[in-house]
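# Sequence plus predicted model, see below.
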Amino acid sequence: AIAEKLRALVASLDIKAGGVKVKGTVSIGATVAKREDTIDSIMRRADRIMYESKNAGRNTVTIG
C-alpha cells in the first residue's frame, strides 16, 4: 500500500523545469527479507523485481 501511494504521488506531481511542466513516473520493485538473505541477495531480488515493473509498462508496483 505504501509503495502504491508513493507511485501515485510521484505521478500526480507537476514539476517545472526551465519553465516547462514535466511529469514523472516511478517503477517500484519491493521484496521481503528472508531469514537466509544477505544484503546483496535482497538488493538483487528487489532490482530484478523493479525491472519486472518497468517491463510491465512502467509506472507500476511489483512485489515479490
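Looks like it arrived, so ask away.
# Tell me the pLDDT of residue 18.
As predicted, residue 18 sits at a pLDDT of 89.
# low-scoring stretches of the chain, by residue?
Low-confidence segments of the chain (pLDDT under 70): none present.
# Okay, helices next: where are they in it?
Applying DSSP state H to the chain gives helices spanning 2-12, 39-55.
# center of the protein, which residue is that?
Taking C-alpha atoms, centre = their mean, the centroid of the chain lies closest to residue 28, which sits 1.5 Å from it.
# Across the sheet, point out what pairs with that one.
Beta-bridge pairing of residue 28 under DSSP bridges involves residue 61.
# Could you number the chain from 59 rather than 1 from now on?
I'll keep to 59 as the first residue from here, and by that count the last item is residue 86.
# quick one: it and residue 80, what's the gap?
20 Å (C-beta to C-beta, to the nearest Å). In short, each C-beta sits where N, CA and C put it, glycine included.
# burial measure for residue 80, as a count.
10 (other C-beta atoms under 10 Å).
# give me every residue that touches the residue nearest to the centre of the chain.
Counting by C-beta atoms under 8 Å, 6 or more residues apart in numbering, residue 86 makes contact with 61, 64, 65, 108, 111, 118, 119, 120.
# is it true that the fourth one touches residue 121?
No - at 10.7 Å, residue 108 does not count as touching residue 121 under the criterion of C-beta atoms under 8 Å.
# Which one of the two is surrounded by more residues?
residue 108 (20 against 14).
# could you measure residue 110 against residue 75, distance?
Counting by C-beta to C-beta, the gap from residue 110 to residue 75 is 29 Å.
# Looking at these two, which is more packed in?
residue 110 (15 against 7).
# so how far is residue 77 from the more buried one?
36 Å.
# likewise residue 104?
36 Å.
# Show me which of those two is the more surrounded one.
Taking other C-beta under 10 Å, residue 104 and residue 77 do not tie; residue 104 has more neighbours (19 against 5).
# Next up, the contacts around the more buried one.
For residue 104, the contacting residues are 87, 88, 89, by C-beta under 8 Å, 6+ apart.
# buried subset of the residues you listed?
Buried residues within those, counting neighbours by 16 or more other C-beta atoms under 10 Å: 87, 89.
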